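In: one predicted model, sequence on top.
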Amino acid sequence: MTSRFLLRQAVNAALTANALRPVPGMWASVPAFFAGWLTSELAPQQLGATVLDAAVHLGRHGASTRTDRAGLALAALSAAGLTATMVSSRRAGREMADALREIGVDDPGAGSPIDWRSSARPFRMRRDDVVRVSNLEYAPGGARFRVDIYHHRDTPPNAPMLLQIHGGGWVVGSKDHQGLPLMVDLASRGWVCAAVNYPLSPKATWPAHLIAIKRAVGWLKENGGRFGGDPDFLAVTGGSAGGHLAAMVALTANDPGLQPGFEDVDTSVAAGVPMYGAYDFAAETGIREVRARVESKISEMILGKGARFPEDYLAASPLAKLRADAPPFLVVHGSNDSVLPVTEAREFVRRLREVSSNPVGYAELRGAQHAFDIFHSIRTDQVIRAIGAFLESVRASAASGAEPAERPRTEFSPSTDSRAG
């Protein structure tokens, strides 16, 4: 029992250390992400388990042996690290509020107390006032061309709409498992939210993914009214590969080359909220991790074996699609992202701010891993509240016909504690 206690605490300490400072290197990015993501967002639960395990062991076996003392010391270190992780998570509200304030948006919920009941039930996504309508066909082609609608039970008219695009490296993933905290929260406040599937690689090659999403945009504008949606206000969001696709949708509105057979359909969106996305498909930034990704088999799988560099790579790259009339953006990324480097998001924001006439907000969440928003947590609930405030602000500006808030004129200066590219 004593040796097993030591082993448990050694594993626990390693997970906590990785959450605080992820193991570097492309080879370790996926395991470092999974371990760090779960530990960071479930830190209160893991802290409780650590304290309970140590207390039970101490009560039953004491601290008479060297193994006992080593296990208890590791438990203490883990508890301290998990507490630090929770403190970092609590800063997310302030970080989001600062990002919104920089583009002239007020977050009325900033500084509100943490909803511990929500983070204590991380996987509870249902609300009594939210209805889900599943597996509606937005285009022919089977299960990968289906969309789920989340709306308020009362279906209020002229409700703003949000399209959520799932991640999964363009090769896996489903509308059923991502973006739920944000969609359910907005739907409970009267929004109409849609979670969309799209064709996946390697069976599908670029731009099939984006074309499908654009079809979903057109379908939602035409059919959203059945659920109370306002066709004149549709925002788009997504994480990881979904963040890349959300940015591409926002930056390629009404591009006929990406709308074969439906060139006249309006695919513009009112706002883009990409999270922990991929923005540089051609390694224009020169960031080390981005170069490694572009040169890997991942790019070939997405773009096809016959893809030409740099032409076809640039065609799939948000950095190559920047435009002055881009809609308002709010970009969110974690400083500890092991899968897609935070430096890539910083550079995307810097360049978009140089070009766009609309606000471009950027929130860099200290200590956040990739995919931090999949379930409820201290950090997630603060982030989705602030995203709601951003979207409501854009909606209010659109409804009043007011000009958007002036975009930041100060030089972009990200924090310096994260890995350099």
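Out: Perfect, I can see it now.
In: what does the lowest-mean-pLDDT helix or strand in the chain rub up against?
Out: Here the helix or strand of the chain ranked lowest by mean pLDDT, DSSP states H and E is helix 116-120, holding a mean of 91. Residues from elsewhere that reach helix 116-120 (C-beta atoms under 8 Å, 6 or more residues apart in numbering): 44, 124, 376, 377, 378, 380, 381. To be clear about C-beta, it is placed using only N, CA and C from the backbone, and glycine gets the same treatment.
In: looking at those, which are in helices?
Out: Of the contacts of helix 116-120, the ones assigned to helices by DSSP state H are 44, 378, 380, 381.
In: from the residues you listed, pick the one nearest residue 311.
Out: Nearest to residue 311 among the ones in helices among the contacts of helix 116-120: residue 380, at 38.6 Å, using C-beta to C-beta.
In: report the contact partners of that closest one.
Out: 41, 119, 181, 372, 373, 374.
In: redo that, cut-off 7 Å
Out: Residues in contact with residue 380, defined by C-beta atoms under 7 Å, 6 or more residues apart in numbering, are 41, 181, 372, 373.
In: format the residues you listed as TSV; extra columns: neighbour count, secondary structure and distance to residue 51.
Out: Below are the contacts of residue 380 laid out as TSV (neighbours: other C-beta atoms under 10 Å; DSSP: H, G, I helix; E, B strand; the rest coil; distance: C-beta to C-beta, whole Å):
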residue	neighbour count	secondary structure	distance to residue 51
41	27	helix	19
181	21	helix	27
372	27	coil	24
373	26	coil	27
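In: okay, these in JSON lines with pLDDT next?
Out: Formatted as JSON lines, the contacts of residue 380 follow (pLDDT from 0 to 100):
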{"residue": "41", "pLDDT": "98"}
{"residue": "181", "pLDDT": "98"}
{"residue": "372", "pLDDT": "97"}
{"residue": "373", "pLDDT": "97"}
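In: mind checking pLDDT for residue 109?
Out: Confidence at residue 109, expressed as pLDDT, is 86.
In: which non-adjacent residue is nearest it?
Out: Nearest residue to residue 109 in three dimensions, chain neighbours excluded: residue 385, at 4.8 Å (C-beta to C-beta, 6 or more residues apart in numbering).
In: how close does that neighbour get to residue 238?
Out: 19 Å (C-beta to C-beta, to the nearest Å).
In: same check on residue 348?
Out: From residue 348 to residue 238 the distance is 14 Å (C-beta to C-beta).
In: what of residue 106?
Out: In terms of C-beta to C-beta, residue 106 sits 25 Å off from residue 238.
In: with residue 36 instead?
Out: Counting by C-beta to C-beta - residue 36 and residue 238 are separated by 21 Å.
In: residue 267 now?
Out: With C-beta to C-beta as the criterion, residue 267 and residue 238 are 15 Å apart.
In: out of these two, which sits in the busier spot?
Out: residue 238 (29 against 24; other C-beta atoms under 10 Å).
In: identify the bridge partners of that one.
Out: residue 165, residue 274 (DSSP bridges).
In: so it touches residue 249, yeah?
Out: No: using C-beta atoms under 7 Å, residue 238 is not in contact with residue 249, being 8.7 Å away.
In: okay, and the residue with the largest distance to the centre of the chain sits in which element?
Out: Ranking residues of the chain by C-alpha distance from their mean position (C-alpha atoms, centre = their mean) puts residue 64 at the top, at 47.3 Å. For residue 64, there is no enclosing helix or strand under DSSP states H and E.
In: and it, its phi and psi?
Out: Dihedral angles of residue 64 (phi, psi; degrees, to the nearest 10) stand at phi -80, psi -20.
In: how near is it to residue 72?
Out: Distance, residue 64 to residue 72, using C-beta to C-beta: 11 Å.
In: show me where pLDDT drops low in the chain?
Out: Scanning the chain for pLDDT under 70 picks out 1, 402-421.
In: before we move on, what SS does the closest residue to residue 309 other than its chain neighbours have?
Out: Excluding the flanking residues, the one nearest residue 309 by C-beta to C-beta, 6+ apart is residue 282, at 7.4 Å. Secondary structure assignment for residue 282 (DSSP: H, G, I helix; E, B strand; the rest coil): coil.
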